[in-house]
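Student: Sequence and predicted model, in that order:
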Amino acid sequence: MKKSILVVDDDPMIRSFIATILKEEGHRVEEAESGRSGLAKFQAAEFDLVVTDLRMPDLSGLDLIREGRKLRPESRWVIITAYGSIGNAVEAMKVGASDYLTKPFGSPEELRHVIRRVLKEADQERKLSLLAEELGRHYPPSELIFLGKAMVPVRRLVEEVAPTPATVLLTGPSGTGKELVARLIHQWSPRRDGPFVGVHCGALAETLLESELFGHERGAFTGATAMRKGRFELADGGTLFLDEIGDVSPAIQVKLLRVLQERQFERVGGTRTLTVDVRIISATHRDLRAAVAEGRFREDLYYRLSVFPIELPPLRERGDAILPLAEYFAAKFGAAFGKRVPALSEDAKSALVSYGWPGNIRELQNVIERAVILSAGTIEASQLNLDFEPDRRGAAEGLLKSSERELIRKALEESGGNRRKAAEVLGISLRTLQYRIKEFGL
């Protein structure tokens, strides 16, 4: 991605020489003829890098760096001067310059080399920061994420879509691992070396979410004391994961639609149009089709997001995965708490597979974490603290399944066996209907 660079020098020939070389490199370049003018331009727009003369009549290069770093600490600085000395170089580095060049330059290549290196280091630091954040979360291996027969078709879909640039919509109940699947799609895609940036759309108020997604300019609202990049910019060259997309307001839906169509947007309070190269993966536990039908979600946005839908099954339909997942969490929390990895008693195993898991894998993880804290070598059923009455729950689930089976049977009958039409009548996806038909043996 080409960068935005500001060149500040009171010598018009030097300024023009540097700007020409940087434009030939493909960067967007602006020029300022003094330190004060450079500071005004830096306050008005965003720059990835500033190349500034050291000695200028109204504001020195060092003072310009000091003021600029207060506004935008992530910007990089390169000092140039005709009065090169070890003392000047040390002072420039102390206030935040990334490198130091003396005039006259040995050759244009000397300038190109320094600028390329400084910009490359900035990109690497950004990636390392995001990577460190990712590594700190300790994600499970893919074999564990796709455990169980019900996840076999999900894995196949993930493997098929990952190498493509297609936009993906992950659906399924809360706690089923939609974010983990989104991360795997990114890791198995050609964008794996780019950033994976996530944002929980349902956790932020509309104004905060807009700023979080698109960034804001300095002074855009009370408290906006400096420009801030949004998630779309941070994800440039990688993947943006929009969790709980079904919770966003109509105003944000309009802005998202434009980004999906044009890959362009403006920061809050800004006028400059930014272009990004981002793959979108979104997720929701809501029925977006129903939301579209009720007018709560834009139909055009839904079809933009749902290019390749993947539905994740609830944990209750992954009975063969419950115990392996529980053992994984027991090992994970045993190591985290400095305890011997606890085993599961037979009663505990029986309770785990009998439970309905309304909170899905997230609930299973929390239950095992608590049990590991309480256990002294073996996790007992009483330490799981599962809130259920097996007989009543079993009877209720049996009644529900019976009613569901009858509804599906009637819908198929009334639609003459047309599954797509039956799915529309029932208000569920075709994939869900096919899954239920197989489950109920219809």
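Tutor: Thanks, I have it. Numbering: from 1, shown residues only.

Student: Please count neighbours and contacts with C-alpha atoms only from this point.
Tutor: Noted.

Student: what are the ranges of the helices in the stretch 151-300 of the chain?
Tutor: For the stretch 151-300 of the chain, applying DSSP state H, counting those that start in this stretch gives helices covering 152-161, 178-187, 206-214, 231-234, 250-262, 288-293, 299-305.

Student: Leu384: which of those is closest?
Tutor: helix 178-187 (24.7 Å; Cα to Cα).

Student: remind me which residues of the stretch 51-200 of the chain are low pLDDT?
Tutor: The stretch 51-200 of the chain contains residues with pLDDT under 70 at 83-86, 89, 127-138.

Student: closest to Val29 out of the helices of the stretch 151-300 of the chain?
Tutor: helix 231-234 (19.1 Å).

Student: The helices of the stretch 151-300 of the chain into CSV, with extra columns for distance to Arg72 and mean neighbour count?
Tutor: Output for the helices of the stretch 151-300 of the chain, formatted as CSV (distance: least, Cα to Cα, whole Å; neighbours: other Cα atoms under 10 Å):
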stretch, distance to Arg72, mean neighbour count
helix 152-161, 38, 15
helix 178-187, 30, 21
helix 206-214, 16, 19
helix 231-234, 15, 24
helix 250-262, 25, 15
helix 288-293, 39, 16
helix 299-305, 34, 17
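
Student: now for the ones you listed, which one comes closest to Ala92?
Tutor: Comparing these by Cα to Cα, helix 231-234 comes nearest, at 28.1 Å.

Student: if we can go back for a sec, I'd like the helices of the stretch 151-300 of the chain laid out as a markdown table, including distance to Pro57.
Tutor: Shown next, in a markdown table, are these (distance: least, Cα to Cα, whole Å):
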| stretch | distance to Pro57 |
| --- | --- |
| helix 152-161 | 58 |
| helix 178-187 | 51 |
| helix 206-214 | 38 |
| helix 231-234 | 36 |
| helix 250-262 | 44 |
| helix 288-293 | 61 |
| helix 299-305 | 54 |
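
Student: what distance separates stretch 432-442 from the centre of its chain?
Tutor: 33 Å (Cα atoms, centre = their mean, to the nearest Å).

Student: Show me what it is in contact with.
Tutor: Contacts of stretch 432-442 with the rest of the structure, by Cα atoms under 8 Å, 6 or more residues apart in numbering, involve Glu311, Arg405, Ile408, Arg409, Arg419, Ala423.

Student: Widest-spaced pair of the residues you listed?
Tutor: Among the contacts of stretch 432-442, the pair separated by the greatest distance (Cα to Cα) is Glu311 and Arg409, at 21.9 Å.

Student: all strands of the stretch 51-200 of the chain, in order?
Tutor: Using DSSP state E, counting those that start in this stretch, the strands of the stretch 51-200 of the chain run over 76-81, 99-102, 168-171, 196-200.

Student: With distance to Trp188 and mean neighbour count as added columns, please give the ones you listed in a markdown table.
Tutor: Putting the strands of the stretch 51-200 of the chain into a markdown table (distance: least, Cα to Cα, whole Å; neighbours: other Cα under 10 Å) gives the following:
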| stretch | distance to Trp188 | mean neighbour count |
| --- | --- | --- |
| strand 76-81 | 32 | 25 |
| strand 99-102 | 37 | 18 |
| strand 168-171 | 14 | 24 |
| strand 196-200 | 12 | 20 |
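
Student: To Asp320, which of those strands lies closest?
Tutor: Per Cα to Cα, nearest to Asp320 of those: strand 168-171, 21.2 Å.

Student: CA atoms only for that closest one, dumped as CSV, please.
Tutor: The C-alpha coordinates for strand 168-171 follow below in CSV (Å, rounded to 0.1, in the frame of the first residue of the first chain):
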residue,chain,number,x,y,z
VAL,A,168,-18.4,-15.0,4.2
LEU,A,169,-21.4,-15.0,6.6
LEU,A,170,-21.1,-17.3,9.6
THR,A,171,-24.4,-18.0,11.4
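
Student: Distance of Glu91 relative to Gly215?
Tutor: According to Cα to Cα, to the nearest Å, Glu91 and Gly215 sit 33 Å apart.

Student: Which one of the two is surrounded by more residues?
Tutor: For Glu91 versus Gly215, neighbours defined as other Cα atoms under 10 Å are more numerous around Gly215 (24 against 12).

Student: residues in contact with the residue nearest the centre of the chain?
Tutor: Centroid check for the chain by Cα atoms, centre = their mean gives Gly198 as the closest residue, at 1.9 Å. Contact analysis of Gly198 by Cα under 8 Å, 6+ apart lists Arg231, Leu240, Phe241, Leu242, Asp243.

Student: From Glu206, how far off is the last one?
Tutor: So the one you mean is Asp243. According to Cα to Cα, Asp243 stands 15 Å off from Glu206.

Student: Next: the fourth one.
Tutor: Remark: distance between Leu242 and Glu206 (Cα to Cα) = 14 Å.

Student: Okay, strands next: where are they in the stretch 251-400 of the chain?
Tutor: 264-266, 273-275, 279-284, 308-311, 343-344, 378-379.

Student: Okay, angle between the longest one and helix 178-187 too, please.
Tutor: Between the axes of strand 279-284 and helix 178-187, defined by axes from the mean of the first three to the mean of the last three Cα atoms, to 10 degrees, the angle is 170 degrees.

Student: Tell me the buried residues in strand 279-284?
Tutor: Arg279, Ile280, Ile281, Ser282, Ala283, Thr284 (16 or more other Cα atoms under 10 Å).

Student: gap between the fourth one and Val152?
Tutor: As judged by Cα to Cα, Ser282 and Val152 stand 21 Å apart.

Student: Could you do the third one as well?
Tutor: Taking Cα to Cα as the criterion, Ile281 is separated from Val152 by 20 Å.

Student: again with the second one
Tutor: To Val152, Ile280 is 24 Å away according to Cα to Cα.

Student: and Ile79, what does it touch?
Tutor: Counted by Cα under 8 Å, 6+ apart, Ile79 has contacts Val51, Thr52, Asp53, Leu54, Gly61, Ala92, Ala97, Asp99, Tyr100, Leu101.

Student: By neighbour count, which of those wins?
Tutor: Thr52 leads the contacts of Ile79 on contacts (other Cα under 10 Å) with 30 neighbours.

Student: Contacts only, for the closest residue to that one other than its chain neighbours.
Tutor: Spatial nearest neighbour of Thr52, excluding adjacent residues (Cα to Cα, 6 or more residues apart in numbering): Val8 at 4.5 Å. Taking Cα under 8 Å, 6+ apart, we find Val8 in contact with Arg15, Glu31, Ala32, Glu33, Ser34, Gly35, Gly38, Val50, Val51, Thr52, Asp53.

Student: how about Val8, phi and psi?
Tutor: Phi and psi for Val8, reported as degrees, to the nearest 10, are phi -120, psi 120.
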